[in-house]
Structures are given as C-alpha cells and as structure tokens.
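Engineer: A predicted structure for the sequence below; I have some questions about it.
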Amino acid sequence: MTHIEAGAELDPGDPGDPVGATPMPSRAAGLSGAEVAERVARGEVNDVPVRSSRSVADIVRANVFTRFNAIIGVLWVIMLCVAPIQDSLFGFVILANTGIGIIQEWRAKQTLDSLAVIGEARPTVRRDGVAVGVSTSEIVLGDLIEIGPGDKIVVDGSCAEADGLEIDESLLTGEADPVLKQPGDEVMSGSFVVAGGGAFTATKVGREAYAAQLAEEASRFTLVHSELRTGISTILKYVQWMMIPTALGLIISQLVVKDNDLKDSIARTVGGIVPMVPEGLVLLTSVAFAIGVIRLGRKQCLVQELPAIEGLARVDTVCLDKTGTLTEGGMDVSELRLLGDGGAAPDEAYVRKVLGALGESDPRPNASLQAIIDAYPDSVDWRVTEALPFSSARKYSGAAFSEGNGVDSAWLLGAPDVLLPEGHPALADTEELNLQGLRVLLLARAPKGLEGSGIVESAEPTALVVLEQRLRPDAGDTLHYFAEQNVRAKVISGDNAVSVGAVAGKLGLEGADQAVDARTLPKDPAEMADALDEGTVFGRVTPQQKRDMVSALQAHGHTVAMTGDGVNDVLALKDADIGVSMGSGSEATRAVAQIVLLNNSFATLPSVVAEGRRVIGNITRVATLFLVKTVYSVLLALLVVCFQVEYPFLPRHLTLLSTLTIGVPAFFLALAPNKERARPNFVRRVMRYAIPGGAVAGIATFAMYLVARHYYEGTGALAAETSSATLTLFLISMWVLAIIARPYTWWRVGLVAAMGLGFLLVLVVPWLQEFFALRLVGAVMPWTAVGVAVVAAGVLEVLWKWVGRRFPA
C-alpha cells in the first residue's frame with residue numbers, strides 16, 4: 001500500500017502516475033545516456049537471450065554427427081573403394097536426407113526466431129528521466145526498471161520504488177504467498193509482479209542473475225522430452241544391440257568362411273549391414289516436427305518447445321481461463337446501478353467522479369478498470385493519498401482521496417460476493433445480472449480507510465458497476481471441436497461462478513448451467529479431483545487454486561493443458577502438461593507457456609492439435625515401415641550365417657528397395673494430413689506390427705533365395721538368385737506399404753502405384769537392369785517369386801488382424 005501526501009506537488013502530465021499525477025519530487029531519473037554507453041563498453045549488459053533457438057551449427061551437428069551416420073559413413077567409404085558407384089548409392093541417399101533435415105530445421109529456426117521477436121516483452125527502463133521500452137538484452141547494470149502487474153523480473157535488483165508492490169517468487173522458492181516489497185528489498189529474476197507497481201535497480205545482469213541459467217536452459221529450442229522421441233531412442237538402442245553381433249557374424253561368414261571374390265564378399269557384407277540401420281526414422285521425425293513449427297508459425301502460433309505440438313495432441317482435459325480466452329480482453333460499462341433507498345441513495349454524478357478517480361489511481365489498469373476509465377473520465381481536482389492495488393487473491397482494489405474541497409474519502413472496488421455480507425439485497429441483483437453473463441463490480445465506501453482490520457466488514461455499498469464482456473466469435477466453434485474430440489473443457493476463472501457459467505452457456509459448453517463456486521471445493525486433492533471430474537465451470541478461483549486444480553486433474557491420470565493470459569494464470573500454466581498463453585497476455589504468462597498464440601485467437605488451438613496428431617499418427621506409420629526393414633535385414637543376416645550361404649543382395653538392390661518401399665513413401669506419409677486421435681504406447685504399437693511383418697518378409701525372401709539356389713546353376717547363377725530374391729522382397733515390402741497406407745485416399749493409392757511402376761521400369765529398361773544388376777532369368781523362378789510373395793501377403797493380412805486383436809494399442 002502506498003501513501004501520497006495530499007499536499008505534495010505532482011505532475012499532472014505523467015500518464016503513468018495515479019490520479020492527476022504520481023511522480024513525487026524524489027522520483028529517480030535513472031541512468032543517463034552516457035552512463036548507459038559506458039556500461040555497454042564495459043560489457044555490463046544483460047546478454048542472456050530471452051528465447052534461444054538452436055544455432056545453425058547445433059542443427060548441422062545434430063543432423064550430421066549421429067551414431068548411425070557414422071556407421072553408414074564408414075561403410076560408404078569402404079564401398080567407394082571396392083565396388084561400383086551403384087553399390088555406394090546408399091551414401092548419397094544419406095547425404096540428401098541429412099541435407100533435407102538441416103534445411104527444414106533451419107526453416108523452423110527462422111520461423112521461431114522471427115515469431116519470438118514479435119512476442120518478446122520489452123521491459124520499461126527509465127533513462128534520463130524518460131520511460132522507454134528496450135529489449136531484455138539491452139538492459140545494463142544500474143538501469144532503473146519500471147514494473148507492474150504481470151511483468152516478469154528479468155534481472156536481479158534492488159527495489160527502488162514500491163506502490164503496493166507484491167511479487168510472486170514461487171517459481172524460484174516454492175513459497176505460494178506473494179511477497180510485499182519495500183524500497184531496499186531484493187527482487188530476483190524469474191519472479192513476477194502480481195499486484196501494485198514500482199521500479200527496481202538492476203544489480204546483477206546477464207549470466208550472473210539468479211535465474212538466468214535456469215531460464216536460458218528452460219527456454220531453449222528443444223527436440224526432446226516427448227513420447228515419440230523417447231520411444232524412437234528406445235527402439236534404436238535395441239536395434240544397435242541387435243546389429244553388432246549380427247554384423248560380426250555376417251562379416252565372418254562372408255569374408256572368412258565363404259571362398260568368394262574379396263570385393264564381392266565385402267559388397268555383400270555391407271549390403272547386409274546397411275539396411276539394418278533405420279537411418280531415416282530420426283530424420284523424418286525431426287522434419288515432421290520442424291514442418292509443424294513452420295505451418296503453425298504461418299498462423300501466428302509460436303511453439304516455444306517443439307514437443308508441445310505432440311503434447312497438445314495427447315491432452316484429454318483443457319482448462320480455460322474465461323477472460324482473454326473465451327472473452328476478448330476489452331469490456332464495456334453497460335449500467336451503473338446505485339444502491340440505497342430514497343434519500344440514502346448517493347448522487348450519481350458524485351459516484352461517477354469516484355469511479356473516474358479510482359480508475360486513474362491505478363497506473364496499470366486491468367480490463368475491468370480500463371472500461372471504467374473509458375466510461376468515467378477522471379475528476380482532475382481529486383488527489384490520491386493512499387492506494388491499494390488490485391490482487392487476484394484479494395478480489396478488490398481501493399484508493400483514498402483528498403477531494404479538493406477539504407473532504408477525504410476512501411473507496412473499495414471489487415467482487416460483490418467478497419465485499420458484501422451474506423444475505424445482502426444487492427447480492428440478489430448481482431446474481432440476476434450474472435445469470436445474463438454480465439460482470440458486476442461493487443463500489444463501496446471504506447469509512448475505516450484502507451489499513452488495518454475490518455476494511456471489508458465496515459464497507460458501505462454504494463453502487464453496482466455492470467460490465468458487458470465481449471465474447472470471442474471463434475470460442476464456441478473451438479469448444480465444439482474439443483467436445484467432438486473427447487477433450488473435456490474446464491472453465492476456471494476468478495470471476496463470479498454464475499457469471500462465468502452464463503458466458504460458457506452462451507458458447508454452448510455442456511454443464512455450464514451447473515457452475516461451481518471454487519470457495520466450496522474440498523481442500524483434499526483426491527476429493528477436489530472428483531469434484532473437478534464432475535463439474536465443468538468454476539468461479540471465484542484463486543491463483544493457488546488454479547494450480548491445485550491442475551495438479552488434482554493430473555493426479556487422476558489426465559493430461560492437462562491450461563490456457564490463460566493473466567498473471568493469475570502463471571502458476572497453473574507452469575504446472576500444466578502444456579501451457580498456452582495469448583500473445584497479449586502478461587510477460588510472465590508468455591515466459592512460462594510452451595505455446596503462445598500471437599494473434600490472440602483461441603481458434604488456433606485446433607490447428608496445434610491437428611499438427612500434433614499429424615506428427616504422432618504419421619511417425620507411427622513411418623516407424624513401422626522402417627522397422628519392418630530392420631527386422632527382415634537382421635533376420636536375413638542371421639539366416640545367411642546359419643546356412644553358410646552368400647548374402648543374397650548387393651547394396652544397390654537394397655538401396656532401390658528402400659527408396660521405393662520406404663524412403664519416398666515415408667516422406668509423403670510423414671507430412672500428410674492425419675486426424676487420428678493420439679494414442680499412448682508408441683513403442684508397443686510400432687513393434688507389434690514391425691516384428692511379425694519383418695519376420696514374414698525375411699523368411700519368405702530367404703526361402704525364395706534357397707529355392708533359386710537349387711534351380712540356377714553356372715556362372716550367372718548368383719545374379720539370377722539375387723534377382724529372384726529381390727523381386728520377392730520388393731513385392732512383400734510393397735504389400736507392407738499398402739497396409740501401412742490405409743485408409744486409402746486417391747493420393748495414397750497413387751503413391752503405392754507409382755512405387756510399383758518405378759520398380760517395373762527398372763525391370764524393363766535395359767540400362768537400368770544393368771545399373772542395378774537386376775535381370776530375371778527364365779519364367780519359372782520369377783513366377784515362383786510372385787507366388788511366394790502372394791502367400792506372404794496373405795500371411796501378413798492374417799497376422800496384421802490377429803495382432804490387432806491380440807495386442808490392442
């Protein structure tokens with residue numbers, strides 16, 4: 001709470017001060033331009049980036065220097081030395097894939113960086129006595145930084161001015177209650193203002209600041225901490241352990257046991273090892289995420305952490321703050337209803353003056369107060385002597401005035417059901433207005449002033465201020481979308497429960513007619529979770545309760561997203577699985593959210609969900625394709641070692657098969673629209689199909705290879721056997737692709753057909769036959785290969801359906 005002497009000279013021209021002016025003569029001017037330049041030259045600048053995406057070097061390093069690229073690279077160099085260029089094609093494919101990955105992630109970086117600049121907060125610093133907005137990285141040691149509700153403390157400092165300044169340090173200390181700051185108190189970076197205003201002097205900047213390292217790490221562009229990427233890493237770990245002994249056995253079998261030409265043996269050994277590596281899987285996952293970022297960026301949606309795209313698609317409960325999410329930020333005063341009968345009724349002109357003065361008493365008015373300011377211009381002859389800023393926990397604000405005629409008065413403005421005693425007649429009026437979706441504030445005289453106990457109990461009701469909230473035109477459609485997707489929406493707001501329910505009802509939210517006052521909720525987390533499962537709309541929710549509600553829902557097994565724009569939403573946003581902030585929200589809100597809707601449109605959320613579902617659904621499909629190849633490659637290598645025969649393929653054959661049945665189709669399938677609901681257990685869902693599919697392909701192909709070995713004789717026998725085995729494996733792999741591509745659309749049918757035509761082209765064009773060493777000899781073995789493939793396809797269909805029933809996802 002701030003005291004301002006009635007007789008102090010104040011400058012009426014400063015819009016940042018309370019009514020008619022704030023700066024007292026002692027107001028500091030801040031650093032001069034010369035002092036700022038001197039500090040910049042000394043390097044005393046806040047050089048920690050606010051939001052850092054990966055550097056180009058990091059992107060190149062992550063795409064080039066991978067374990068599997070190292071394996072492929074060594075094998076590629078060997079093949080370039082001992083075999084024709086056709087057998088080294090797999091290396092060029094890896095180069096192309098890596099290049100695509102780098103380009104797409106660089107494009108995503110460009111999108112993120114440009115959007116981060118748009119959404120970046122610009123703290124207000126006082127230099128040469130003038131308040132100016134600067135970027136966070138331009139703050140220097142000793143700067144005087146002005147702060148108000150919702151502002152994040154960006155550097156450590158010492159409080160220089162305080163006007164009822166309350167700072168929440170819970171994200172740093174875990175202490176739930178806001179801390180009232182006085183001049184000289186320490187303020188820490190990473191905390192944020194919940195009420196009042198003031199200024200502080202920067203004492204530590206850059207990486208010396210308390211929360212700088214933590215904030216920088218938490219803000220970094222990431223590709224980790226998602227079920228998809230964790231699952232893929234788990235799969236790759238097992239693949240690696242399978243590869244090592246299998247590859248060693250193959251090397252010994254082909255180079256030591258079999259007495260063949262050395263170069264041909266090396267080529268066939270490499271041909272057996274290369275397809276074991278699911279080299280494109282990680283790449284396509286990164287590309288799918290990166291393209292998601294670019295697509296959402298075009299819709300002014302800033303994804304601050306990539307897994308948030310996937311995370312929102314897995315959400316089953318969305319907690320919505322009414323103000324700024326379902327309603328637009330602005331409001332309009334629709335009615336001023338005076339309280340009292342006959343002679344006791346106050347003069348309306350006087351009440352208007354009080355409201356105007358109250359509005360101007362807060363240098364950073366919220367939406368409700370701004371509506372009052374717009375409706376009731378300030379009375380310039382009134383002076384603020386004491387101020388009590390609005391607090392979400394308190395639910396009211398206040399100010400004391402010298403009215404210019406020798407009369408002093410103090411007033412409160414806030415929630416009627418907080419300021420009025422139970423059973424007061426005005427509460428019935430409030431209830432009636434709330435049922436219409438209107439917001440109601442009570443103006444009350446405070447005869448005991450603003451300090452001490454009994455302020456609320458002694459308040460004298462004077463008038464009801466009725467505010468009309470502007471509904472977002474797209475909110476109803478968005479709520480309907482979530483309902484269709486079986487995502488439950490919970491509206492949790494600090495406003496009156498009936499009013500919130502009426503607004504939600506207008507938007508068609510089911511259960512809005514049974515709004516719950518959060519003050520009646522049980523304290524026990526388990527009981528609270530039960531109440532939250534039953535209810536839909538909750539009013540009079542405190543910031544700490546919002547946090548408790550999110551935790552209670554998570555304890556009940558829900559994946560929770562939280563949307564909000566105010567400082568009272570910060571704690572809940574931080575704890576939610578996915579935090580979504582409006583671009584116009586407070587700096588602290590945007591800082592903790594994983595997704596920021598820069599266009600302030602709630603309707604963008606379905607696009608984020610759609611992108612997440614596209615990534616999850618498509619990568620699951622693509623992973624199955626890649627891992628079927630890995631399974632049949634390992635199995636073929638083991639069978640070759642056991643039967644002591646030459647490996648049936650050269651690298652060029654498997655490069656051709658991988659390109660036509662996996663590489664090209666996977667790229668299109670990974671980026672295609674996909675509205676399938678996200679489901680958990682990624683590894684289980686992929687492996688339950690990849691293992692039987694790969695086993696069928698490997699066994700059928702090896703069986704065909706053995707049949708061909710008994711049929712063909714002479715010098716060209718191995719080439720003919722390889723061609724028959726290649727045809728068999730291609731047809732089976734095409735059937736796997738046809739299964740994965742379901743449900744069919746015209747372009748998916750076209751994609752499968754195009755891949756089949758590509759292989760046919762190789763078989764009929766003479767120079768392609770020679771290039772890929774593919775020549776079908778006679779009619780018996782090729783048709784036998786077709787027959788084996790048809791039988792294998794039938795087995796695949798039966799297995800696929802059996803696995804779906806036996807091991808449901």
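Structural biologist: Yep, it's here. Quick caveat, the model's predicted, so the values are computed rather than measured.

Engineer: Residue nearest the middle of the protein, spatially speaking?
Structural biologist: With distances taken as C-alpha atoms, centre = their mean, residue 308 lies nearest the centre of the chain, 2.7 Å away.

Engineer: hang on, it in a helix?
Structural biologist: Yes - looking at residue 308 with DSSP: H, G, I helix; E, B strand; the rest coil, it is inside a helix.

Engineer: What is the neighbour count of residue 600?
Structural biologist: 19 (other C-beta atoms under 10 Å). For the C-beta atoms, the positions are set from N, CA and C on the backbone; glycine is no exception.

Engineer: One more: residue 804?
Structural biologist: Neighbour count of residue 804, defined by other C-beta under 10 Å: 12.

Engineer: picking that back up, shouldn't the residue nearest to the centre of the chain be in contact with residue 594?
Structural biologist: Yes - counting by C-beta atoms under 8 Å, residue 308 does reach residue 594; the two are 3.7 Å apart.

Engineer: So for these two, which residues contact both of them?
Structural biologist: residue 578 (C-beta atoms under 8 Å, 6 or more residues apart in numbering).

Engineer: Which parts of the stretch 601-750 of the chain are helices?
Structural biologist: Secondary structure of the stretch 601-750 of the chain (DSSP state H, counting those that start in this stretch): helices at 605-643, 651-658, 664-671, 682-711, 717-740, 746-764.

Engineer: how close does the most far-flung residue of the chain relative to its centre get to residue 777?
Structural biologist: The centre of the chain is farthest from one residue, residue 714, which by C-alpha atoms, centre = their mean lies 62.8 Å away. Separation of residue 714 from residue 777 (C-beta to C-beta, to the nearest Å): 10 Å.

Engineer: and what of residue 563?
Structural biologist: 66 Å.

Engineer: Counting neighbours around each, name which of the two comes out higher.
Structural biologist: Counting neighbours by other C-beta under 10 Å for residue 563 and for residue 777 shows that residue 563 has the greater number, 28 against 17.

Engineer: Report the contact partners of the residue nearest to the centre of the chain.
Structural biologist: Here residue 308 is in contact with 578, 594, 595, 608 (C-beta under 8 Å, 6+ apart).

Engineer: quick one: contacts for the second one?
Structural biologist: It stands for residue 594. 303, 304, 305, 308, 311, 578, 579, 580.

Engineer: What's the per-residue pLDDT of it here?
Structural biologist: Looking at residue 594, its pLDDT is 83.

Engineer: now do the last one
Structural biologist: Note for residue 608: predicted pLDDT of 83.

Engineer: What's the local residue count around it?
Structural biologist: 26.

Engineer: Does the closest residue to it other than its chain neighbours belong to a helix, a strand or coil?
Structural biologist: Excluding its sequence neighbours, the residue lying closest to residue 608 (C-beta to C-beta, 6 or more residues apart in numbering) is residue 312, at 5.0 Å. Using three-state DSSP, the three-state assignment for residue 312 comes out as helix.

Engineer: right, and residue 312 touches residue 604 too?
Structural biologist: No - the criterion here is C-beta under 8 Å, and residue 312 misses it with residue 604 at 10.9 Å.

Engineer: hang on, isn't residue 762 packed against residue 774?
Structural biologist: Yes - Residue 762 lies in contact with residue 774 (C-beta under 8 Å); the separation is 6.0 Å.

Engineer: Quick check: residue 97 is in a helix.
Structural biologist: Yes - counting by three-state DSSP, residue 97 is part of a helix.

Engineer: ok, for it, nearest residue in space, not its chain neighbours?
Structural biologist: residue 283 (5.1 Å).

Engineer: Let me know how buried the one you found is, in neighbour terms.
Structural biologist: 25.

Engineer: Ok, the one 3 residues further on next?
Structural biologist: The number of residues packed near residue 286 is 22, by other C-beta under 10 Å.

Engineer: hmm, back to that, I'd like to know which of the contacts of residue 594 is nearest to residue 440.
Structural biologist: residue 580 (28.4 Å; C-beta to C-beta).

Engineer: three-state assignment of the closest one?
Structural biologist: Following three-state DSSP, we place residue 580 in the strand state.

Engineer: Which neighbouring elements make contact with the helix or strand encompassing the residue nearest to residue 97?
Structural biologist: For residue 283, the host element (DSSP states H and E) is helix 279-298. Applying 3 or more C-beta pairs under 8 Å, 6 or more residues apart in numbering; DSSP states H and E, one finds that helix 279-298 contacts helix 56-64, helix 67-82, helix 89-119, helix 227-252, strand 301-303, helix 307-314, helix 605-643, helix 664-671.
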